[in-house]
Structure formats: C-alpha cells, structure tokens
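K.L.:
coordinates for the following, if possible.
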Amino acid sequence: MKKALFVGLLLWLVGIAHVRAQTTPFTANWTFEGNDNGTTSSGLVTASGVTYTGVNPLAVNPYTAGYVNLGVNVQNWSTSVCNQTEYVQFSVQRLGTATITLTSLSFAFARSAQGPTQLTVRSSADGFGNDIYSQGITTNYQVASIALNGAGFTNQEGPVTFRIYACNPTAGGGTLKLDEIQLNASVLPVTLLSFKAIPQGDRVQLAWETVSERNASHFRVDRSPDLGEYVYVGEVAAGGNSNERQYYGVTDMNPRPGINYYRLTQLDADGTAHTYKPVSAIVRSSDPVVAVYPNPASPDRIHIRLWNADTAVIRLLSGAGQTMEGRLERRPGEAALLFAQPLPQGVYSLEIQLNDSRQFIKVLVL
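P.N.:
Numbers count the residues shown, from 1 in each chain. You can find the predicted model right below:
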C-alpha cells in the first residue's frame, strides 16, 4: 500500500511540474484568402482546415470580398430545418505532450440577401450540446466575440473543435459569408514528442525528441527498479532555443535484469526542471541483439554489436540489392565491416541471418 501511495504521489508531482511551467500565448487563424487552410503562431499546435457538413462553398468563385480582403461564401442551407445538421467546422490540436488553453473565439459573418438569418456556435468542449453563441445575421458584416471558459477549454490534450451553424434562409441559394476566424489561446510548452526505452540485450537505448525548446540547458535520464529511488544514467546537452524537431539519445550500459523504469528531466538555463512521465523496458539479457552504431556510419567501416549473436551471417546490400564487398572482422560481442574503397553516400541494408531468422537494418552512410 505504501509503495502504491508513493507511486501515485510521484505521478501527481510530475503533473504539478507541468502545471507550473510557463505558458506561451498563440493564435490560430482562418483568413479564407483563397483557401480554407488554418495557421497557428505556435510550433506546438496545428490548425485544421475548415470543413463543411451538409453545406458547401459556392462552386463558382467561393472567395469574394470579405470583412478583410477575401471571405468565403457558404451555400445550400436548408430552408425547412434548423437542427444542427449543417455546419462549418474547424479545430486546433496539440503536438506531442503540449496542452492547450483556449480563451476566446472571434469571426466576422454576414449573409446574402437570401442567406440564412440565424447563426449559432457550439464546441466539442461539451460534445456540441449547447450554444456558446447565438445571433441574428444581417447583410452587413458583424463580428462575433466569444469568451471561452470552463474545463473543456483548459489544459486540453486532445483536439478542440468548433462548429458554426446557420439556418432559416429565405431561399436555397442564399449564402452565409465568413471571414477572419481567430482563436486566442495559450500553450503549455511541454516540448516532448516521444520518449522511448528500447532493450538491446544487456543494454537499454533511451531515445527522445522535442518539437520546441526555450532556454533548455540539458536533459538527464535516471533509472529505477520500482518507480521509487532513481539512479543517474546519463545526460546530454539540449538545443537551447529551437522550433524544430531535435533528436536525443542515451544508452544505459548497466540496466537490471527484468523491468527498468526511466525518468527524463529537462533542465532549463535558469534551473527550472521539467520531469516527464516515466517509461519502462524489460531486459532479457539472454535474447540475441544485432545493432549498428554509430548510425550514420562512416564510408570505410560499419560497426556492429552482436549480443548473443556471434554466429550471425552478415552482408551489406546497396539500395538496388547488390552485395557490397567488404571484410568482416569479428570480436566477442561485436564485429566490423571494413571496405577497401569508401562506400558512396546513401542508404544501405545490413542483412543479418541468425539461426532460422533474418532481419534487415537500414544504415545511412555519410
């Protein structure tokens, strides 16, 4: 019972570390400047394109003069029903482990002379169950400004979707005009996209990637047999400030047989620490392992780890399937393919035959 309580407390503290991290404001926009694409100002968030259910943009010239530059004209609203089956939809979605808090939604809207006369907005925050905005539509542009509050808009890990409904046109060909949709929000920049622990015989390879870093100093990996006490495994320098994907790795040379838990911590230049949810790996040291390292490899030597696989038959194949002639030097637990002439740059396949099995490892030569 004490162990279970400790594990629960540990995971709760991980959650607290996330909550206390600094959020970053961002906007998502759909401007309808000749397309329905969405954009965001944050590399941690993606915006969907606008989609249409039961209705559609005008087939000819859907984008005309709008509230700002161009706007979209949406037609085929039913003249007989007003039951939330016809709508314009858009959403935002986090990347990796970021969380999103939405604060407001705004957009400009109007109608043609025969267009729908009533507009409502709903969201996925409550399963599209209730209106968060309702307004009559005129032929002159109006601007909706909607405050977003409540748990369904706060620290969201999944997509948040909005639907704009319209109804009661005076004729079937009437159009709803939309322009300048904008979501104001903030993102908690927990930057981790993935963190994996991959057993390789008597070792465990830890690999992770980030999508955005702010003042990051370095990453540290620790290991525990039971999510209790952790011991240091290794660390690597961080990218510092980046909006591009960064890839990192550390090898645990001394894991325990059985299950091992690994904790990744990002330490910022100001001393702030962000600890991520632990991952696990089961070490079965009797399993055979064949691995290439480093990968990318050099043009004249490919180093191969052979754990419980000293009898493996190895050959290197070009992208066209041609065998690349080289000399294989073996030592206990490892081997090296040596080439008299440097290999051309490219992607090769290392074929390994062991007992009754065969596997291929992609090798990049630079």
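K.L.:
hey, let's count contacts and neighbours off CA atoms from now on
P.N.:
OK.
K.L.:
show residues contacting stretch 171-178.
P.N.:
The contact list for stretch 171-178 (CA atoms under 8 Å, 6 or more residues apart in numbering) reads 66, 71-79, 107-116, 166.
K.L.:
among the residues you listed, which lie within strands?
P.N.:
Secondary structure assignment by DSSP state E places 71-75, 107-111, 166 of those in strands.
K.L.:
what about the helix or strand hosting Ile164, average pLDDT?
P.N.:
Using DSSP states H and E, Ile164 falls within strand 160-167. For strand 160-167, the mean per-residue pLDDT is 97.
K.L.:
can you give the distance of it from its chain's centre?
P.N.:
Distance, stretch centre to chain centre, for strand 160-167: 25 Å (CA atoms, centre = their mean, to the nearest Å).
K.L.:
only alpha carbons, please: show that strand as CSV.
P.N.:
What follows is strand 160-167, C-alpha atoms only, in CSV (Å, rounded to 0.1, in the frame of the first residue of the first chain):
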residue,chain,number,x,y,z
VAL,A,160,-10.8,21.2,-29.6
THR,A,161,-13.4,21.6,-32.4
PHE,A,162,-15.9,24.3,-33.2
ARG,A,163,-19.0,24.3,-35.4
ILE,A,164,-20.8,27.3,-36.8
TYR,A,165,-24.4,26.6,-37.7
ALA,A,166,-26.8,28.7,-39.7
CYS,A,167,-30.4,28.3,-40.7
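K.L.:
direction included, what does that strand pair against?
P.N.:
Here strand 160-167 has these sheet partners by DSSP bridges: strand 87-94 (antiparallel), strand 118-123 (antiparallel).
K.L.:
give me the distance between Val88 and Tyr52.
P.N.:
Per CA to CA, to the nearest Å, Val88 is found 5 Å from Tyr52.
K.L.:
give me the more crowded residue out of the two.
P.N.:
Shown here are Val88 and Tyr52; by other CA atoms under 10 Å, Val88 has more neighbours (20 against 15).
K.L.:
quick one, what contacts the more buried one?
P.N.:
Neighbouring residues of Val88 by CA under 8 Å, 6+ apart: 50-53, 55, 163-165.
K.L.:
tell me, how many residues neighbour Pro116?
P.N.:
32.
K.L.:
is it true that Gln89 touches Ile164?
P.N.:
Yes: contact criterion CA atoms under 8 Å: Gln89 and Ile164 qualify, at 6.5 Å.
K.L.:
so how far is Leu105 from the residue of the chain positioned farthest from its centre?
P.N.:
Within the chain, the residue lying farthest from the chain centre (CA atoms, centre = their mean) is Thr170, at 44.6 Å. For Thr170, the distance to Leu105 (CA to CA) stands at 28 Å.
K.L.:
also Asn140?
P.N.:
Counting by CA to CA, the gap from Asn140 to Leu105 is 20 Å.
K.L.:
Tyr276 now?
P.N.:
Counting by CA to CA, the gap from Tyr276 to Leu105 is 31 Å.
K.L.:
do the same with Thr139
P.N.:
Per CA to CA, Thr139 is found 21 Å from Leu105.
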